[in-house]
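Engineer: Structure for the following, please:
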Amino acid sequence: MDGNVVGALAVVTIFPGIVIVFWLIFSTLRRMKVARIQAEVHSRLIEKIGSSQEFLTFLETDSGKKLVASIGIEQPNRNPYNRILASVQAGVILVCISIAFLILGANFPDLSEGFKVVGSLGLALGIGFLISAGLSYRLSKNFGLFERERSVQKFAA
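Structural biologist: Predicted coordinates:
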């Protein structure tokens, strides 16, 4: 491989890697802070309630139902719409970026090998995400997950 190709690949891979590490660190710190604040609020609220009868009465109110619903801080996202949409978004973004790399590879002959490799890999990943989203949509529809999600949302409201 040419030195220019290695340099281009290094820039293309190191910068996104650094961005991902910072995003992970800051999103984890944010979630920890939110969890700490929620735990503090919940414990103060439970301390204020004297007897179990008062607590049961409070849980029957709208505020009590919201409190119980908010206790699960980090529940996995089970909504099929959001998961499928996330796959479609990732697929479209990867396909667009990959096409840009392939165009750059065609326009810069010295760096074409590196851009074509990165573009081809990204294009394969993007198409894989789009196929995965399509299959997830079809399977979710066949399994009745969309109807189940609607009935759960109506019950929670």
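
Engineer: what about the helices in this structure?
Structural biologist: Applying DSSP state H to the chain gives helices spanning 3-48, 52-59, 62-71, 80-107, 112-143, 145-156.

Engineer: Name the residues of the fourth one that are buried.
Structural biologist: Residues of helix 80-107 classed as buried: 80, 83-84, 87-88, 90-91, 94-95, 97-98, 101-102, 104-105 (neighbour count, 16 or more other C-beta atoms under 10 Å). For glycine as for every other residue, the C-beta is placed from the backbone atoms N, C-alpha and C.

Engineer: hmm, back to that, and the helices of the chain, which one averages the lowest pLDDT?
Structural biologist: Sorting the helices of the chain by mean pLDDT places helix 145-156 lowest, at a mean of 63.

Engineer: ok, back up a step: which single one of the buried residues of helix 80-107 is nearest to Lys141?
Structural biologist: Pro80 (8.8 Å; C-beta to C-beta).

Engineer: For the closest one, which non-adjacent residue is spatially closest?
Structural biologist: Ser140 (4.2 Å; C-beta to C-beta, 6 or more residues apart in numbering).

Engineer: which residues touch that neighbour?
Structural biologist: With contact set as C-beta atoms under 8 Å, 6 or more residues apart in numbering, Ser140 has these partners: Pro80, Ile84, Phe146.

Engineer: Can you tell me how far it is from Leu94?
Structural biologist: 22 Å (C-beta to C-beta, to the nearest Å).

Engineer: Which residue would you name as the spatial centre of the protein?
Structural biologist: Nearest to the mean C-alpha position of the chain, by C-alpha atoms, centre = their mean, lies Ala86 at 6.5 Å.

Engineer: For that residue, give its distance to Ile37.
Structural biologist: 26 Å.

Engineer: Kindly report the same for Pro16.
Structural biologist: Distance check for Pro16 against Ile37: by C-beta to C-beta, it reads 31 Å.

Engineer: and what of Leu125?
Structural biologist: Taken as C-beta to C-beta, the span from Leu125 to Ile37 is 37 Å.

Engineer: okay, these two: which has more neighbours?
Structural biologist: Relative neighbour count places Leu125 above the other of Leu125 and Ile37, with 16 against 10, counting by other C-beta atoms under 10 Å.

Engineer: for the more buried one, what are its contacts?
Structural biologist: Leu94, Ser98.

Engineer: Ok, the one 4 residues further on next?
Structural biologist: Applying C-beta under 8 Å, 6+ apart, one finds that Phe129 lies in contact with Ser87, Val88, Ala90, Gly91, Leu94.
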